[in-house]
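Undergrad: dropping the sequence and predicted coords here.
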Amino acid sequence: MALPSVAEMDIRSNLHPYTNHIVHQQTGPKTYVHGEGIYIWDEHGNKFIEGLAGLWCTSLGFSEPRLVAAAKAQLETLPYNHSFAGRTAPVVSELAERLISIAPDSMSKAYFVSSGSEAVDSAIKVAWYYNNALDRPHKKKIISRHRGYHGVTVACTSLTAIPVIQEAFDAPLERFKQTGTPHFYRFGEDSETEEQFATRRAEELEQLILEEDPDTIAAMIAEPLMGAGGVIPPPKTYFEKIQKVLRKYDILLIADEVINGFGRTGNPWGCDTYGIEAPDMVTCAKQLSSAYIPIGAKMISEEIFTVIAEASNRHGVFGTGYTYGGHPVAAAVALETLKIYEERDTMGHVRQVMEPFQKRLKQLDSHPLVGEARGAGLIGAVELVADKQSKESYDPSLKVALQVYQKCLEHGLILRALPSGDTVGICPPLIITEAQVHDLFDALGESLNDVYRDLQNMS
Ligand SMILES: Cc1ncc(COP(=O)(O)O)c(C=O)c1O
């Protein structure tokens, strides 16, 4: 009897995230079978540039033997250990030490989890625990920004202020509040400079805090450069002004570095690129292990640690933890990833390659389909518009970003139509070479031309 095909098994049994299930039942899965460097191959032997590094994560590409060896060696030594009740494995303590040594200066302790969502979720729990410990039981609300992406646990869904992610899941819950997107192109007024727009956003934040009552607000979470919500670098002076407001009302700042961290924006952390000073907590994942194995981390300041340490003594324990938090195999792969970044000067490589990357990206600003080409380091996006002058978008039913994504596939390039607005994200593995950057943008340029021609022919 013949075995069922991948498509048959998948349609019958696999429930996919972020997928239209009715369409999937008809089209079946896209199946990828092999990876090498920045390329992956589908089941028919077609080769693609992985232009979004999977989900913004495979920094070292798809065939790094040292990461495989690190996992194998740890699997053969101690395949599992946990971190409860003060237990550790050497590789986990070493990873914590190394991560803290390269983290933003204010970070003092790392807490390991298995995903970005878990990192964010546990940062929220720390904010609540911290305020309970300080006898501020009402200081619990968390502020995020419209179009911010912070993951999908119940609490994270309340922070991820993107309609398609929240509306059908009864989010946001009560303790979660939203403030404006720092996107100058879309929301800046004609008469405003970037700096004035940043001032307005900071004033709106202060307004929200006063309306809600500052004594009820625990923390604000922000990606330095917004990723999945549209690849949005903040306007000049934005974080300086936001941090001033947060400090005034004793509100913690959680810097969500899940995409930005480990060199993506041209500096080790997005905090460095955008002038975020001494965040209270930092979350990271993805490039921490080049995504070869699930691992994330939440880091906290010494001040927060001191408060929660004393509270744990009063309660008996810090009563939270995951079975796989501090998994030794994941820690071994992450530790090897950080060693590779240092030994190969991955940051230096990014700084070289980001120049042609950003130059080619900016050139797309003049394409008739592109309203704004934006980005930093080795991350970017093109926002597609029907009218460059008025910035009017296409009718959403045309799904223009999806059309570009599909054309890109025909040109051997995988990008992503982002879940808000007609925006296509670009975020290749950090190991991409200058020649490969040109291949990527050649393919994207041809795809934009194809879609533009099709749209012209329709009208
Ligand atoms: C900034 C940010 N935070 C959190 C997450 C959630 O991470 P995960 O999908 O690993 O749960 C993501 C995922 O893309 C992210 O971009």
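TA: Now that the structure is in, tell me what you want to look at. Numbers count the residues shown, from 1 in each chain.

Undergrad: what values do phi and psi take at Y249?
TA: phi -110, psi 20 (degrees, to the nearest 10).

Undergrad: any idea how far T216 is from it?
TA: Relative to T216, Y249 is positioned 10 Å away (CB to CB, to the nearest Å). All C-beta spots, glycine's among them, are computed from the backbone N, C-alpha and C.

Undergrad: quick one: E118 and the ligand, what's the gap?
TA: According to CB to the nearest ligand atom, to the nearest Å, E118 stands 7 Å off from the ligand.

Undergrad: look up phi and psi at the closest residue in space to that residue that isn't next to it in sequence.
TA: Closest residue in space to E118, ignoring its immediate chain neighbours: G296 at 5.9 Å, by CB to CB, 6 or more residues apart in numbering. Per-residue torsions, G296: phi -140, psi 170 (degrees, to the nearest 10).

Undergrad: what's G296 in contact with, if anything?
TA: G296 makes contact with 112-116, 118-119, 258, 283-286, 288, according to CB atoms under 8 Å, 6 or more residues apart in numbering.

Undergrad: same thing but 10 Å
TA: Counting by CB atoms under 10 Å, 6 or more residues apart in numbering, G296 makes contact with 111-120, 122, 151, 258, 261, 283-286, 288-289, 325, 330, 334.

Undergrad: then A255?
TA: A255 touches 104, 106-107, 123, 220-224, 239, 261, 269-271, 274, 276, 278-284, 299, counting by CB under 10 Å, 6+ apart.

Undergrad: which strand residues bridge it?
TA: The partner list for A255 in beta bridges (DSSP bridges) reads A222, V282.

Undergrad: and the gap between it and K47?
TA: Taking CB to CB, one finds A255 at 37 Å from K47.

Undergrad: what about the residue in the stretch 251-400 of the chain that the ligand sits nearest to, is that helix, strand or coil?
TA: Using CB to the nearest ligand atom, the closest approach of the stretch 251-400 of the chain to the ligand is made by V258 at 3.4 Å. Here V258 is coil, with the state taken from DSSP: H, G, I helix; E, B strand; the rest coil.

Undergrad: how about the nearest residue to it, chain neighbours excluded?
TA: V258's closest residue in space is G116 (CB to CB, 6+ apart), at 3.8 Å.

Undergrad: G227 now?
TA: Nearest one to G227, counting by CB to CB, 6+ apart, is I259 at 3.8 Å.

Undergrad: in stretch 6-19, which residues are buried?
TA: Neighbour counts over stretch 6-19 (16 or more other CB atoms under 10 Å) mark D10, I11 as buried.

Undergrad: from the chain's centroid, how far away is stretch 193-211?
TA: 24 Å (CA atoms, centre = their mean, to the nearest Å).

Undergrad: going forward can the numbers begin at 7, since that is how I track them
TA: In the new count, where the first residue is 7, that last one comes out as stretch 199-217.

Undergrad: mean confidence for it?
TA: When pLDDT is averaged over stretch 199-217, the result is 98.

Undergrad: contacts for that stretch next, please.
TA: Under the criterion CB under 10 Å, 6+ apart, residues 147, 149, 151, 183-190, 193-195, 198, 220-223, 226, 240-252, 254-255, 257 lie in contact with stretch 199-217.

Undergrad: in it, what's buried?
TA: Buried residues in stretch 199-217, counted by 16+ other CB under 10 Å: F203, A204, T205, R206, R207, A208, L211, E212, L214, I215.

Undergrad: any idea how far the fourth one lies from P241?
TA: Counting by CB to CB, the gap between R206 and P241 amounts to 10 Å.

Undergrad: residues that sit against both of the two, list them.
TA: By the contact definition CB under 10 Å, 6+ apart, R206 and P241 are jointly contacted by F193, G194, E198, K247.

Undergrad: buried ones among those residues?
TA: G194, K247.

Undergrad: in PyMOL, select just the buried ones from the contacts of stretch 199-217.
TA: Here is the PyMOL command that selects the buried residues among the contacts of stretch 199-217 (16+ other CB under 10 Å):
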select buried, resi 147+149+151+183+184+185+187+188+189+190+194+223+226+240+241+243+244+245+247+248+249+251+252+255+257
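
Undergrad: where's whichever residue of the stretch 57-206 of the chain sits closest to the ligand relative to D262, distance?
TA: At 2.2 Å from the ligand, G122 is the closest residue in the stretch 57-206 of the chain, using CB to the nearest ligand atom. Going from G122 to D262 by CB to CB gives 8 Å.

Undergrad: can you pull the residues that touch both of those two?
TA: Going by CB under 10 Å, 6+ apart, residues that sit against G122 and also against D262 are Y155, H156, G157, C162, T289, C290, A291, K304.

Undergrad: element containing the third one?
TA: Using DSSP states H and E, G157 maps to neither a helix nor a strand.

Undergrad: thought it was touching S120?
TA: No - counting by CB atoms under 10 Å, G157 does not reach S120; the two are 11.8 Å apart.

Undergrad: mind checking the SS state of A161?
TA: Of the three states, A161 takes helix according to three-state DSSP.

Undergrad: residues contacting it?
TA: Contacts for A161 (CB under 10 Å, 6+ apart) come out as 123, 126-131, 134, 148, 177-179, 181-182.

Undergrad: buried among those residues? Make that a PyMOL selection.
TA: The buried residues among the contacts of A161 can be selected in PyMOL (16+ other CB under 10 Å) with this line:
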select buried, resi 123+126+127+128+129+130+134+148+177+178+182
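
Undergrad: strands - which of the contacts of A161 land there?
TA: The strands, defined by DSSP state E, take in I148, F182 from the contacts of A161.

Undergrad: for the stretch 107-256 of the chain, which residues are neighbours of the ligand?
TA: Residues of the stretch 107-256 of the chain lying close to the ligand by CB under 6 Å from any ligand atom are S121, G122, S123, V126, Y155, H156, G157, E229, G233, A234.
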